[in-house]
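Colleague: Sharing a model prediction with you, sequence too.
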Amino acid sequence: MSGHLASMLLGSKLRIVGTLVLAVAVVVGGGVAAGLLGAPAVEGVENSFGAVNDSTTVIHTDLVVSNPNPVGVSLGGVTVSYDVWMNDVKMAEGSKEGVAIGSGNSTLSFETTMRNERISAWWRSHVSNGEQSDVTVDATAESSTLGRSADAPNVTRSVDTDMLSQFNSSETREVNANSPIVSDPVLYINETNASWGEVNESVTPLKLRFVVYNPKSYPITVSKLGYDISMNDVAVGNGTTESGYVVPPKSTKTIEATTYIRNERLDEWWVTHLERNQVTDLRIDFAAQFEVSGGQTVEVPLDPLTYEKTIETDIFGTKNASAPNDTAANGTETATPTDERTTDASTTTDADATETTADSGGLLGDDSTESTAETTTSTPTETAAPTPTETSTATGTATTTGDGLFALSES
């Protein structure tokens, strides 16, 4: 009799549980059909950099997911995914499945590892696009319970840099050999100009133009022009032009040369950029070999041409997140996430969630500001450089990217 009673009670409990499950399913299904239950949505996205080493960079991503329903969404779970793009380069992507979120806003955290070797892909796109990059964060939340997905408004920020304009100058500078075989100044440099060439997978060409004046009564041949390019003391390019340029006496001439940044060195530079809180010191050193009177040669460091520029970025716009009213100087952001980026009185449960991240390469983030550190040079005092009346152009034809010239050091 007691066994029969226990069986009846157990059966009743099972029927009650089954009825409740069925009722919940009916309520959920009816709510979805009637439009009373809403799908979760991504309300905000925030990225920041984590640890960086010689080969990889960690990216932290926080997604704020909003559940508009009065109860948590856990039946079947929620899948949240995101992509981060810089121009046409995918920087990071990841997803988290089986997430149970409470009512209101919940914050989900991701961690993605980016390969530093992909930095050069972004660099090529940035330079080719006029030193401009668009960063886009695309996030989606999907509920298998509700059978719906919601795309967050894309968050786009514009990154603009200006690495070369400071090189463009009409300041007259003396070139002194400090040698007993020729009196100073050997030449005057009246104008300098720089622009990017066509970038390819291996190198970034930097086209240089110098207008020089020869104050001597005899021609001077610039037989070699060497250069070294460094970023945070990382040697990213060096070489020598082998063609000679003859500057007639008492005349001006335009000398053109192309230098090259080796893209394969950019991943090493990237590590220093993050380690220095996203600050880079760009430096270009020059040296030349002159043939003077009597066919004698003299090697001269072109110190007045040394170019220095400090470049600071705020990638993702979160470098100074703790500073009040912090605004990125050169970045433009559209579709800014709402201020509700902190969790409210709800709970987030993702202990049993499955997280997947894809190392898809890509690069950078949000914003760039820049400051300048231009080399100060003096105006000639011995002889004023005359205004050029006739300018001829010589173009270098043989440029090597080897070990530099005249003991210009490579880090």
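Modeller: That came through, no problem.
Colleague: Low-confidence bits of the stretch 201-350 of the chain, can you list those?
Modeller: The stretch 201-350 of the chain contains residues with pLDDT under 70 at 243, 321-350.
Colleague: if we go to 90?
Modeller: Across the stretch 201-350 of the chain, the ranges flagged by pLDDT under 90 are 241-244, 293-295, 313-350.
Colleague: All the strands of it, residue numbers only.
Modeller: Here the stretch 201-350 of the chain has its strands, by DSSP state E, counting those that start in this stretch, at 203-214, 220-231, 234-241, 245-247, 251-262, 279-291, 297-301, 307-314, 332-334, 348-349.
Colleague: Now mean neighbour count and distance to residue 44 too, for those strands, in CSV please.
Modeller: Heads up, the C-betas are built off the backbone N, CA and C, glycines and all. What follows is these, written out as CSV (neighbours: other C-beta atoms under 10 Å; distance: least, C-beta to C-beta, whole Å):
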stretch, mean neighbour count, distance to residue 44
strand 203-214, 21, 36
strand 220-231, 23, 34
strand 234-241, 22, 36
strand 245-247, 20, 58
strand 251-262, 20, 37
strand 279-291, 20, 28
strand 297-301, 17, 53
strand 307-314, 20, 18
strand 332-334, 13, 12
strand 348-349, 18, 14
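Colleague: Format those as a markdown table; extra columns: distance to residue 116.
Modeller: Formatted as a markdown table, the strands of the stretch 201-350 of the chain follow (distance: least, C-beta to C-beta, whole Å):
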| stretch | distance to residue 116 |
| --- | --- |
| strand 203-214 | 17 |
| strand 220-231 | 14 |
| strand 234-241 | 12 |
| strand 245-247 | 39 |
| strand 251-262 | 15 |
| strand 279-291 | 15 |
| strand 297-301 | 33 |
| strand 307-314 | 16 |
| strand 332-334 | 26 |
| strand 348-349 | 32 |
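Colleague: gap between residue 294 and residue 100?
Modeller: Note on residue 294: its distance to residue 100, by C-beta to C-beta, to the nearest Å, is 87 Å.
Colleague: And these two? Which one has more around it.
Modeller: residue 100 (20 against 8; other C-beta atoms under 10 Å).
Colleague: quick one: that one is in a strand?
Modeller: Yes - read with DSSP: H, G, I helix; E, B strand; the rest coil, residue 100 is one of the residues of a strand.
Colleague: Select, out of the strands of the stretch 201-350 of the chain, the one closest to residue 47.
Modeller: strand 307-314 (11.7 Å; C-beta to C-beta).
Colleague: Where does residue 70 sit, in terms of helix or strand?
Modeller: Per DSSP states H and E: residue 70 is located in neither a helix nor a strand.
Colleague: ok, it - contacts?
Modeller: Residues in contact with residue 70 (C-beta atoms under 8 Å, 6 or more residues apart in numbering) are residue 103.
Colleague: ok, now how distant is it from residue 104?
Modeller: Using C-beta to C-beta, we find residue 70 at a distance of 10 Å from residue 104.
Colleague: do the same with residue 265
Modeller: Separation of residue 265 from residue 104 (C-beta to C-beta) stands at 48 Å.
Colleague: swap in residue 41?
Modeller: For residue 41, the distance to residue 104 equals 12 Å [C-beta to C-beta].
Colleague: swap in residue 286?
Modeller: 61 Å.
Colleague: next one: residue 272
Modeller: Using C-beta to C-beta, we find residue 272 at a distance of 42 Å from residue 104.
Colleague: Looking at the two, which is more packed in?
Modeller: residue 104 (19 against 16).
Colleague: Backbone dihedrals for that one, both of them.
Modeller: Main-chain torsions, residue 104, degrees, to the nearest 10: phi 90, psi -150.
Colleague: So what sits opposite it in the bridge?
Modeller: Using DSSP bridges, the beta-bridge partners of residue 104 come out as residue 67.
Colleague: wait, it sits on residue 67?
Modeller: Yes - between residue 104 and residue 67 a contact is recorded at 6.4 Å, counting by C-beta atoms under 8 Å.
Colleague: picking up where we left off before, out of the strands of the stretch 201-350 of the chain, nearest to residue 168?
Modeller: Ranking the strands of the stretch 201-350 of the chain by proximity to residue 168 (C-beta to C-beta) places strand 203-214 first, at 9.2 Å.
Colleague: got the angle between that closest one and strand 220-231?
Modeller: Calculated by axes from the mean of the first three to the mean of the last three C-alpha atoms, to 10 degrees, strand 203-214 forms an angle of 140 degrees with strand 220-231.
Colleague: which secondary structure elements does strand 203-214 contact?
Modeller: Applying 3 or more C-beta pairs under 8 Å, 6 or more residues apart in numbering; DSSP states H and E, we find strand 203-214 packed against helix 119-128, strand 187-196, strand 220-231, strand 245-247, strand 251-262.
Colleague: run the last query once more with 6 Å
Modeller: strand 187-196, strand 251-262 (3 or more C-beta pairs under 6 Å, 6 or more residues apart in numbering; DSSP states H and E).
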